[in-house]
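S.K.: Sequence and predicted structure, then a few things I'm wondering about:
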There are 2 protein chains.
Amino acid sequence: MTTLRITIERTEGAARAGVLHTPHGDIPMPVFMPVGTYGVVRTMSPDELRAVGAGIILGNTYHLLLRPGPELIARRGGLHRFMSWPGAILTDSGGFQVFSLAKFRRVGEDEVSFRSHIDGAEVVLSPERVVEVEQALGADIAMCFDECPAHEVDREYARAATERTHRWARRCREAHSRPDQALFGICQGGLFPDMRRDSARTLADLDFPGYGIGGLSVGEEKARTLDLLVDSVEGLPAEKPRYLMGVGSPEDLIEGVARGVDMFDCVLPTRIARNGALFTRRGRLNLKNAACREDDGPIEADCDCYTCRHFSLAYLHHLNRVEETLGLRLTTIHNLRFLIRLMEQVRSAILEGSFAAFRAAFLSGYRVTDQEVRHEQKARSLRSQ
Amino acid sequence: MTTLRITIERTEGAARAGVLHTPHGDIPMPVFMPVGTYGVVRTMSPDELRAVGAGIILGNTYHLLLRPGPELIARRGGLHRFMSWPGAILTDSGGFQVFSLAKFRRVGEDEVSFRSHIDGAEVVLSPERVVEVEQALGADIAMCFDECPAHEVDREYARAATERTHRWARRCREAHSRPDQALFGICQGGLFPDMRRDSARTLADLDFPGYGIGGLSVGEEKARTLDLLVDSVEGLPAEKPRYLMGVGSPEDLIEGVARGVDMFDCVLPTRIARNGALFTRRGRLNLKNAACREDDGPIEADCDCYTCRHFSLAYLHHLNRVEETLGLRLTTIHNLRFLIRLMEQVRSAILEGSFAAFRAAFLSGYRVTDQEVRHEQKARSLRSQ
């Protein structure tokens, strides 16, 4: 099995600072990976991804399977070359989308069949076919095909899905052969602490070069989800990278790192950016807010992104109002830079042994709801008149 | 009246190579100006506009009047600063949009009233108000308010509209006071040769620092339109810049330069780019064409734009198919670079005295309809398999 080397430089509590060594570059960890659904991080060019500090991005196997198809991408020399991205790529397995987006799904032990959400065509995925697709895409890291059950399922269903995920992990491992690609296992276990620990240990025994932690991305009860994360991490080996799948709010990233996570991905920063919601150190700011209309300042005065260095909130508000695509890009740039820079700051803090203080300071200044930031923004705008 | 200096470096027949000196930089002429409707050239950042070689862009007074309003832009320090554009700007007068987009239009001698196509609000524009709006926007070049009648109007209507345009030009001239902004007159005259000559001479007598040539942008009969252009140019002074408004196809630019035009603007390159139509030296190529699906080459092998240097037709075809906004931007970059580079090549040819040969070579290789290029493209693709 292909290995993927990581270096752990320093730890503070469970938090780790290190480097993920990939065929397309060394990636400082902890790391946030922007999501490139269709071979493109929506609105962003490869140059802009580099400029926000992205070293590794995610490709969605499910979406690329439907359009333009993995064989077409393989004939182009793989996903890196197709999209002109010189950095590293991780492809998910499509499991999450099959179990959330696809229609008329039939789950069997051997394979899952469903209809494309684009044109209704029937598609069949098995662990072997997923590996074949991911090898065709040629990412640096591929993920095993897994079943990610809905949060509300009972213990019996969760156990069946988790055990099937383990059997599929073994089949993916058997099928995988590409020497320049690392295959990660995914541990599940629903919302049951003992099952999460068991799943992590079962996967750990299979000796994958890294591990995804699935099924914890949509938690309404944050405290409980974070406890379940601890249960998963406990079962995983210290010398392998740990990737918390589908988590991307600033506060969740900080809390994930505090519990030993090295890698994150999420559509949140890019999706909310396209709705005009912006990350700031004080919480989210909504660009549609009338207080932005005549604000000549940037989103954040100390942000080093292209958007904050060149454009005022007033201009971004205007672009949002006239529905101009440049606006979608400029807000995406800011939100991605915000999360990537947050991970850079977290990494520096761990290396200096000051992560606990950084975490406390960040969380005390950060409001999770929009409403408070909106008020403050308005007050600031009124003062400046 | 503010003057705007131009330098004519060399002429070949009626064609001129020179420099337009503006408060925001020296612009080599002949020049194509990308259109930035709402304080943004759709999909493009200021850095990208610079990278395609744009030195001057157009702002639409009508659109900016409605959103976000000229007073808001003036409070931001003007349009250059609002949109973070360091180059030169020309604002049109809104006349063309008032007479094509606006609803419930009432045209009087003093003013025109109409309803906004956005929210139905009543707006009143007079020559004095247009000058006020353009001075608030603060472009390097402002255009006089004019009436651009439809092509099908009879001689009597065309004469009334043209004479009103002349009276409005005098009123704009009176109202204009901004010392860092040049006000151009616009000559009209419908599709009547004698009236076009008269209009040009009347405007020339008013001694504007430059002249727009209006009403020749939507010509179905190209030969007739080009003859009318000659009638207009003949009445204009040689020492002032001549701007053919709303014309932007490659062949029309070449033919316009051959008849003494220095400046052009048009939404054509950016609008068709967003529909997947690409300029090439052989004609337009449609990205939706199935032959692009597996074509690993760029749009044009010798093009120096960011798109052609980094991306294949196969990738652009994919972005178009999944309706990704990066695709709109990449095609816009190519089409703008194509026209701006064409003007650079035309300028070099005039300076070398080889424009006649350049023009003949370009026009003989260029097919005006899509269909032929599509066939050739397909043949090329089949050959490469």
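M.R.: Received the coordinates, thanks.
S.K.: which parts of the stretch 201-350 of chain A sit against chain B?
M.R.: Contact residues (C-beta under 8 Å from any C-beta of the partner chain) of the stretch 201-350 of chain A with chain B: A:293-294, A:296, A:306, A:310-312, A:314-315, A:318-319, A:321-322, A:324-326, A:328-330. All C-beta atoms are positioned from the backbone trio N, CA, C, and that covers glycine.
S.K.: Which entries within those residues meet the buried criterion?
M.R.: Buried by 16 or more other C-beta atoms under 10 Å in any protein chain shown: A:293-294, A:306, A:310-312, A:314-315, A:318-319, A:321-322, A:324-326, A:328-330, out of these.
S.K.: Count the neighbours of A:Ser199 for me.
M.R.: Here the count is done by other C-beta atoms under 10 Å in any protein chain shown, and A:Ser199 has 30 residues near it.
S.K.: how much space between it and A:Arg224?
M.R.: As for A:Ser199, its distance to A:Arg224 is 17 Å (criterion: C-beta to C-beta, to the nearest Å).
S.K.: Over to A:Gly78?
M.R.: On the measure of C-beta to C-beta, A:Gly78 and A:Arg224 end up 40 Å apart.
S.K.: more neighbours, these two?
M.R.: Between A:Gly78 and A:Arg224, A:Gly78 has the larger neighbour count (other C-beta under 10 Å), namely 18 against 13.
S.K.: Contact partners for the more buried one?
M.R.: Going by C-beta atoms under 8 Å, 6 or more residues apart in numbering or on different chains, A:Gly78 touches A:136-138.
S.K.: Look up which residues are beta-bridged to the spatially most central residue of chain A.
M.R.: Centroid-nearest residue in chain A: A:Asp265, 0.7 Å away (criterion: C-alpha atoms, centre = their mean). Assessed by DSSP bridges, A:Asp265 has beta-bridge partners A:Met33.
S.K.: Report how many residues lie close to A:Arg173.
M.R.: By other C-beta under 10 Å, 17 other residues sit near A:Arg173.
S.K.: quick one: which helix or strand includes it?
M.R.: Here A:Arg173 sits within helix A:155-175, counting by DSSP states H and E.
S.K.: elements contacting the helix or strand just after that helix?
M.R.: Sequence-wise, the next helix or strand beyond helix A:155-175 is strand A:182-187, with elements assigned using DSSP H and E. Packing partners of strand A:182-187 (3 or more C-beta pairs under 8 Å, 6 or more residues apart in numbering or on different chains; DSSP states H and E): strand A:141-143, helix A:155-175, helix A:193-205, strand A:211-213.
S.K.: Sheet partners, orientation included, of the first one?
M.R.: Using DSSP bridges, the neighbouring strands of strand A:141-143 in the sheet come out as strand A:88-91 (parallel), strand A:182-187 (parallel).
S.K.: which one of those lies closest to A:Ile340?
M.R.: strand A:88-91 (13.8 Å; C-beta to C-beta).
S.K.: got a list of contacts for that closest one?
M.R.: A:20, A:22-25, A:27, A:33, A:36, A:55-61, A:64, A:79-80, A:134, A:137, A:139-143, A:243, A:263, A:265.
S.K.: Give the rounded mean pLDDT of that strand.
M.R.: Strand A:88-91 comes out with an average pLDDT of 98.
S.K.: is the following helix or strand past that strand anywhere near chain B?
M.R.: Next helix or strand after strand A:88-91 toward the C-terminus (DSSP H and E): helix A:95-98. No - shown here: helix A:95-98 not in contact with chain B (C-beta under 8 Å from any C-beta), separated by at least 14.6 Å.
S.K.: C-alpha coordinates for helix A:95-98, CSV please?
M.R.: What follows is helix A:95-98 as a C-alpha-only set of coordinates in CSV (Å, rounded to 0.1, in the frame of the first residue of the first chain):
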residue,chain,number,x,y,z
GLY,A,95,-20.5,8.4,-0.7
PHE,A,96,-21.8,11.5,0.9
GLN,A,97,-23.4,12.8,-2.3
VAL,A,98,-24.8,9.4,-3.2
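S.K.: Just give the nearest non-adjacent residue to A:Leu137, would you?
M.R.: A:Leu79 (4.6 Å; C-beta to C-beta, 6 or more residues apart in numbering or on different chains).
S.K.: okay, stretch A:147-158 in CSV with CA atoms only?
M.R.: Taking C-alpha atoms only, stretch A:147-158 is exported to CSV below (Å, rounded to 0.1, in the frame of the first residue of the first chain):
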residue,chain,number,x,y,z
GLU,A,147,-22.0,4.8,3.7
CYS,A,148,-22.8,8.0,5.6
PRO,A,149,-26.1,7.4,7.3
ALA,A,150,-28.5,10.2,8.3
HIS,A,151,-28.1,11.5,11.8
GLU,A,152,-31.5,10.4,12.9
VAL,A,153,-31.0,6.7,12.2
ASP,A,154,-31.2,4.2,15.1
ARG,A,155,-28.4,2.2,16.6
GLU,A,156,-29.2,-0.9,14.5
TYR,A,157,-29.1,1.0,11.2
ALA,A,158,-26.0,2.8,12.2
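S.K.: Buried residues in that stretch, which are they?
M.R.: For stretch A:147-158, burial by neighbour count (16+ other C-beta under 10 Å) applies to A:147-149, A:151, A:158.
S.K.: what do you get for stretch A:123-133?
M.R.: For stretch A:123-133, burial by neighbour count (16+ other C-beta under 10 Å) applies to A:123, A:125-133.
S.K.: Next: stretch A:214-227.
M.R.: A:214-217, A:219, A:225-226.
S.K.: any idea which of the residues you listed is the one closest to A:Ala74?
M.R.: Nearest member of those to A:Ala74, counting by C-beta to C-beta, is A:Gly214, at 26.4 Å.
S.K.: Tell me who's in contact with the residue nearest to the centre of chain A.
M.R.: Contacts for A:Asp265 (C-beta under 8 Å, 6+ apart) come out as A:32-35, A:58, A:90, A:92, A:243, A:245-248.
S.K.: In these, which residue is surrounded by the most others?
M.R.: A:Asp92 (29 neighbours).
S.K.: How about that one, nearest residue that isn't a chain neighbour?
M.R.: Spatial nearest neighbour of A:Asp92, chain neighbours left out: A:Met143 (5.1 Å); criterion: C-beta to C-beta, 6+ apart.
S.K.: per-residue confidence at the one you found?
M.R.: pLDDT, A:Met143: 98.
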